[in-house]
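Undergrad: give the three-dimensional model of this entry:
(chains A and B)
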Amino acid sequence: MLTKRIIPCLDIKNGRTVKGVNFVNLRDAGDPVELAKQYAVKGADELVFLDISATLEGRKTMIDMVLKVAEHVNIPFTVGGGISSIEDVDVLLKSGADKVSINSSAVKRPGLVNELANKFGSQCVVVAIDAKQINDEWIVHLAGGSIPTDLNLFDWAKEVESRGAGEILFTSMNNDGTKAGFANEALAKLSETLNIPIIASGGAGNVQHFIDTFKEGKADAALAASVFHFGEIAIKDLKEVLRDNNIAVRL
Amino acid sequence: MKLVIINYGAGNIKSIQFAFKRLGYDAILSNNPDEIKAADKVIFPGVGEASSAMQMLKESGLDTLIPTLKQPVLGICLGMQLMCKSSEEGNTKGLGIFNVDVKRFNNTVKVPQMGWNTITDLKSKLFKGIKDEAFMYSVHSFYAEACKESIATTTYSVDFASALQKDNFYGVQFHPEKSSVAGEQILKNFIAL
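TA: From the prediction side, this is the model:
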């Protein structure tokens, strides 16, 4: 049976992890490679690296990091942040990334999704969507939720699916950072409207939130950062509870 | 041990090369027929769309070479699918090594299948030390139907052949190079064949 995936997300700036990480046995908490290796051992199913470097120099460092992660880590990983062309994707995939995630570049130029799917295959094209619920409507936002677009979440998700996206990473800006749970209603609607996998993101605070997002939100995977980085939730413990709740996981 | 990964422009070859490096083997990337023929073991990777991958294979003349190889050959993901008789993807004629057709998952499930699923009914030395229901990572929209040459079965809306073997030819639908410790064991077993 295909299992639900647990995905820690690491923010990277100039080749280093940004948010503090509270791991024992970690010589260098800022080293994404070492952190990724730890997560692989602890039972993470996949990893997401989000490049938040704003400079060209930072982006070059990201490529080096991707190579090192691919060399040392034996689970799949996705790279996102600042990707806007076939060339950007080509170098990341050639460096060993399994998937890339695009966000604002797809909103600005939706044809990019088609180009990437045709050139590299849908399996490596993740479209990340940040959306905020305003007056009962889910509106797609850019730049970490600060700039609203005129796109509706469900219409946009449907559109990128038809353009060849292989997966959707949906972050609810209403839930992100609240630790009050995922946006399960919107997630369930996405899962029912689309026929590609949906990753839930934004709002993880405790183990129950993961149970809820898999059961009520019908998510295929759940992504979180701080609850894992600060050791508030151990992935193995989380998966055991999920299994006890009849949710298929890899243990 | 001379290990060659066929480099025909389609694939996640870096990840496979790194996986062997973690096991202590330097795999060579090559599209040179003589170099491929001289290898002890050959890896046939592939990611992307079937008809365009087959086209690239034809352009390099490797479509006629691969079926004649005598040493152990391991097709991974699309590589395995191209070793089959045909694929519904792009209406592609395959190399015909495995006597089975490749179909698309129906829409009762999410397509692609993305993530970790179990392999059961294991029937080959390739799976020495791998327990039944071990988890493997796959990403695919098409699958080889259950057949006589199946050496592993996975269920996703249907029971399909997640690994195949005929003589010296092996194929796996999943990505052993991305399937943690169990995947690495399969690569070790392939080297030991």
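
Undergrad: use CA for all of it now, contacts and neighbours both
TA: Fine.

Undergrad: okay, the spatially closest residue to residue A:177 that is not a sequence neighbour: pLDDT?
TA: Among residues not flanking residue A:177 along the chain, residue A:203 sits closest, at 5.8 Å (C-alpha to C-alpha, 6 or more residues apart in numbering or on different chains). Confidence at residue A:203, expressed as pLDDT, is 94.

Undergrad: so residue A:203 makes contact with residue A:180?
TA: Yes - between residue A:203 and residue A:180 there is a contact under C-alpha atoms under 8 Å: 5.4 Å.

Undergrad: okay, these two: which has more neighbours?
TA: residue A:203 (25 against 15; other C-alpha atoms under 10 Å in any protein chain shown).

Undergrad: sticking with residue B:164, tell me its helix or strand.
TA: strand B:158-166 (DSSP states H and E).

Undergrad: which parts of chain B sit against chain A?
TA: B:12-15, B:18-19, B:21-22, B:47-49, B:107, B:109-118, B:135, B:139-140, B:154-156, B:177-181 (C-alpha under 8 Å from any C-alpha of the partner chain).

Undergrad: and with 7 Å instead?
TA: Listed as neighbours of chain A in chain B under the rule C-alpha under 7 Å from any C-alpha of the partner chain: B:12, B:14-15, B:18, B:48-49, B:110-112, B:115-118, B:135, B:139-140, B:155-156, B:177-180.

Undergrad: among those residues, which are in strands?
TA: B:115-118, B:135, B:139-140, B:155-156 (DSSP state E).

Undergrad: can I have the buried ones of those residues as a ChimeraX selection?
TA: ChimeraX command restricting these to the buried ones, with burial defined by 16 or more other C-alpha atoms under 10 Å in any protein chain shown:
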select /B:115,116,117,118,135,139,140,156
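
Undergrad: farthest pair in the ones in strands among the residues of chain B next to chain A?
TA: Farthest pair in these (C-alpha to C-alpha) is B:135 and B:140. Separation: 15.5 Å.

Undergrad: where does chain B dip in pLDDT?
TA: Scanning chain B with the threshold set as pLDDT under 70 gives B:10-11.

Undergrad: helices of that one, start to end?
TA: B:13-22, B:33-37, B:50-59, B:62-65, B:78-82, B:180-192 (DSSP state H).

Undergrad: and among these, the most buried is which?
TA: For these, the largest average neighbour count (mean count of other C-alpha atoms under 10 Å in any protein chain shown) is found in helix B:78-82, namely a mean of 29.

Undergrad: which other helices and strands does that one contact?
TA: The helices and strands touching helix B:78-82, judged by 3 or more C-alpha pairs under 7 Å, 6 or more residues apart in numbering or on different chains; DSSP states H and E, number zero.

Undergrad: how far does it sit from the chain's center?
TA: 6 Å (C-alpha atoms, centre = their mean, to the nearest Å).

Undergrad: same deal with stretch B:185-193?
TA: Centroid displacement of stretch B:185-193 relative to its chain, using C-alpha atoms, centre = their mean, is 14 Å.

Undergrad: please apply the same query to stretch A:64-83.
TA: 13 Å.

Undergrad: how about stretch A:241-248?
TA: Per C-alpha atoms, centre = their mean, the centroid offset for stretch A:241-248 relative to its chain is 22 Å.

Undergrad: quick one on the thing from earlier: adjacent strands (with direction) for the strand holding residue B:164?
TA: Its sheet considered, strand B:158-166 pairs with strand B:142-145 (antiparallel), strand B:150-156 (antiparallel), strand B:169-172 (antiparallel) by DSSP bridges.

Undergrad: residues making contact with the second one?
TA: By C-alpha atoms under 7 Å, 6 or more residues apart in numbering or on different chains, the residues outside strand B:150-156 that reach it are A:1, B:118-124, B:159-165.

Undergrad: out of the residues you listed, which end up buried?
TA: Judged by 16+ other C-alpha under 10 Å, buried ones among these: A:1, B:118-120, B:122-123, B:160-165.

Undergrad: what's the weakest-modelled helix or strand in chain A?
TA: strand A:16-17 (a mean of 84; mean pLDDT, DSSP states H and E).

Undergrad: what's in contact with that strand?
TA: By C-alpha under 7 Å, 6+ apart, strand A:16-17 touches A:10-11, A:30-32.

Undergrad: at 6 Å what do you get?
TA: A:11, A:30-32 (C-alpha atoms under 6 Å, 6 or more residues apart in numbering or on different chains).

Undergrad: quick one: which of those has the most company?
TA: residue A:32 (22 neighbours).

Undergrad: count the residues that sit near the nearest residue to it once chain neighbours are set aside.
TA: The shortest distance from residue A:32 to any non-neighbouring residue, by C-alpha to C-alpha, 6+ apart, is to residue A:17 (5.7 Å). Each residue near residue A:17 was counted by other C-alpha under 10 Å, and the total is 21.

Undergrad: same deal with residue A:74?
TA: Neighbour tally, residue A:74, other C-alpha under 10 Å: 26.

Undergrad: isn't it right up against residue B:182?
TA: No - taking contacts as C-alpha atoms under 6 Å, residue A:74 lies outside contact range of residue B:182: 10.0 Å.

Undergrad: close to chain B: what parts of chain A are there?
TA: A:1-3, A:71, A:74-76, A:96, A:120-121, A:195-196 (C-alpha under 6 Å from any C-alpha of the partner chain).

Undergrad: now with 7 Å?
TA: So chain A meets chain B at A:1-3, A:5, A:70-71, A:74-76, A:94-96, A:120-121, A:123, A:166, A:195-197, A:250 (C-alpha under 7 Å from any C-alpha).

Undergrad: of these, which belong to strands?
TA: Short answer: the residues of chain A next to chain B in strands (DSSP E) are residue A:5.

Undergrad: please identify the deepest-packed of the strands paired with strand B:158-166.
TA: The most buried one of the strands paired with strand B:158-166 (mean count of other C-alpha under 10 Å) is strand B:169-172, showing a mean of 25.

Undergrad: export it as CSV, just CAs?
TA: Output in CSV follows, covering the C-alpha atoms of strand B:169-172 (Å, rounded to 0.1, in the frame of the first residue of the first chain):
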residue,chain,number,x,y,z
PHE,B,169,18.2,-8.8,-17.6
TYR,B,170,16.7,-7.3,-14.5
GLY,B,171,14.4,-4.3,-14.1
VAL,B,172,12.9,-2.4,-11.2
